[in-house]
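Sequence first, then the predicted structure, then my questions.
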Amino acid sequence: MKKQIRIEDERIREIRHKIVNEAFAIMFFALWVIVMVKGLFLHLPTREYLTEFILVIGISLYIYVRMIVTGIFGSDLQSASRGQKLKRILVIMLGMGVGVGISQAGEGEFNILRMAIVVITGGALTYLMLYIVKKINDRQIEELERKDKEEQ
């Protein structure tokens, strides 16, 4: 028996893709709400919502890596000025500081030294990651330009 090739309308495929994206966004938002409610309002220890928090971080990392691999994030980095990059790093550091502060407040302790170490280390790692992504993208662009020159 021959396998029939099913032709799919591009519009239907786009609608399905949109529905899946919306469902993913709703689940991601729901996980964040669960983490915030358990941490801020219920004052549960971190171990009580660690699973949801790890899922949120894992999803974020997956999105970030996929954007880098597909070149969506890299093109944004190429066009960003030095000030924009610094602003992004500072916003990420602020977010880490708020996250660590919330985590410490949920555990009933607040240690400014630990928070500073996490924020500074996280900022440095973020800068290093952005630098590596830029170098990888530069290398890919050089390879594409070299291939274009060879074809001509």
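Received the coordinates, thanks.

give me the number of residues near N137?
Taking other CB atoms under 10 Å as the criterion, the count of residues near N137 is 17. All C-beta atoms are positioned from the backbone trio N, CA, C, and that covers glycine.

list the buried ones in the helix or strand harbouring L113?
Using DSSP states H and E, L113 maps to helix 112-151. Buried residues in helix 112-151, defined by neighbour count with 16 or more other CB atoms under 10 Å: M115, V118, V119, G122, G123, T126, Y127, L130, V133, N137.

just checking, what packs against it?
Judged by 3 or more CB pairs under 8 Å, 6 or more residues apart in numbering; DSSP states H and E, the packing partners of helix 112-151 are helix 72-79, helix 82-106.

looking at these, which one has the lowest mean pLDDT?
When those are compared by mean pLDDT, helix 72-79 comes last with a mean of 54.

element containing R6, please.
Short version, using DSSP H and E: R6 is in no helix or strand.

Specify which member of the buried residues of helix 112-151 is nearest to R47.
V118 (18.3 Å; CB to CB).

Would you check how far apart that closest one and K18 are?
Using CB to CB, to the nearest Å, one gets 37 Å for the distance from V118 to K18.

Pick the one among the buried residues of helix 112-151 closest to Y64.
V133 (9.4 Å).

any idea how far R139 is from the closest one?
11 Å.

Next: Y127.
When Y127 is compared with R139 (using CB to CB), they lie 19 Å apart.

Give me the below-cutoff pLDDT ranges for this structure.
1-3, 67-82, 85-86, 89, 104-110 (pLDDT under 70).

Show me the domain layout of it.
10-70, 71-147 (automatic domain parsing).

Kindly reformat these as a markdown table containing distance to Q4.
Formatted as a markdown table, these follow (distance: least, CB to CB, whole Å):
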| stretch | distance to Q4 |
| --- | --- |
| domain 10-70 | 17 |
| domain 71-147 | 35 |
